[in-house]
Each structure stands twice: as C-alpha cells, then as structure tokens.
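In: turn this into a structure:
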Amino acid sequence: MKLERWGSFAVYGALGRVKVTGALLVIAGEKDVHTTLKESKELFKKANKPKELWVVKGAKHVDFDALLGKEYEEKILDFLDEYME
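Out: Modelled structure (predicted):
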C-alpha cells in the first residue's frame with residue numbers, strides 16, 4: 001500500500017478507492033484535522049452527481065451539531081427528503 005502524507009483518507013490510499021453510486025452530501029469542517037477540507041473537496045470532486053458540499057465555518061471533525069443545532073438537522077433531513085425514495 002502506497003502511503004501519502006497529506007491527510008487521513010490519503011494516508012491509507014482510501015480516497016482513490018471511494019466509489020459513491022448515489023446522492024452524496026459531504027459535510028466538511030473548515031478546521032477539521034482528521035478529514036481535512038482538502039480531502040473533503042477531493043472526495044466531492046470525484047463523486048458523481050447528485051452531490052452537495054457543505055463547508056461548516058469554524059467546525060472541526062464532529063462538532064457540527066454543537067455549532068449549528070437545528071440548522072444541521074434540517075440540512076441533513078432536507079437532503080434525505082430530496083434524494084431518498
């Protein structure tokens with residue numbers, strides 16, 4: 001396995017192997033050090049449509065709910081309502 005040094009997905013070479021076949025909502029924390037914004041954008045770029053990228057300013061890896069509260073829940077539910085059958 002080739003190791004790269006620019007982020008958690010890439011360290012294990014997983015980014016190049018990710019295949020998304022349905023709608024994708026990428027929620028990225030602007031200050032995330034575990035899955036960097038660069039990695040989230042790369043995943044988004046490689047995904048097929050329909051897709052949406054939501055960058056949460058000031059967020060780290062798992063604090064979206066604490067920062068956004070109801071807005072976070074509504075964003076996810078709206079996305080699911082639009083694309084789930």
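In: what ranges does this protein have for its strands?
Out: With DSSP state E as the criterion, the chain has strands at 24-29, 51-56.
In: which of those strands sits most buried?
Out: Most buried of the strands of the chain, by mean neighbour count (mean count of other C-beta atoms under 10 Å): strand 24-29, with a mean of 19. Placement of C-beta: from N, CA and C, glycine included.
In: what packs against it?
Out: Using 3 or more C-beta pairs under 8 Å, 6 or more residues apart in numbering; DSSP states H and E as the contact test, the elements touching strand 24-29 are helix 37-46, strand 51-56, helix 70-83.
In: ok, for residue 63, nearest residue in space, not its chain neighbours?
Out: residue 29 (7.1 Å; C-beta to C-beta, 6 or more residues apart in numbering).
In: how about low-confidence regions in the protein?
Out: Low-confidence segments of the chain (pLDDT under 70): 1-16.
In: so what pairs up with the residue nearest the centre of it in the strands?
Out: Against the mean C-alpha coordinate of the chain, by C-alpha atoms, centre = their mean, the closest residue is residue 26 at 3.0 Å. Taking DSSP bridges, one finds residue 53 as the beta-bridge partners of residue 26.
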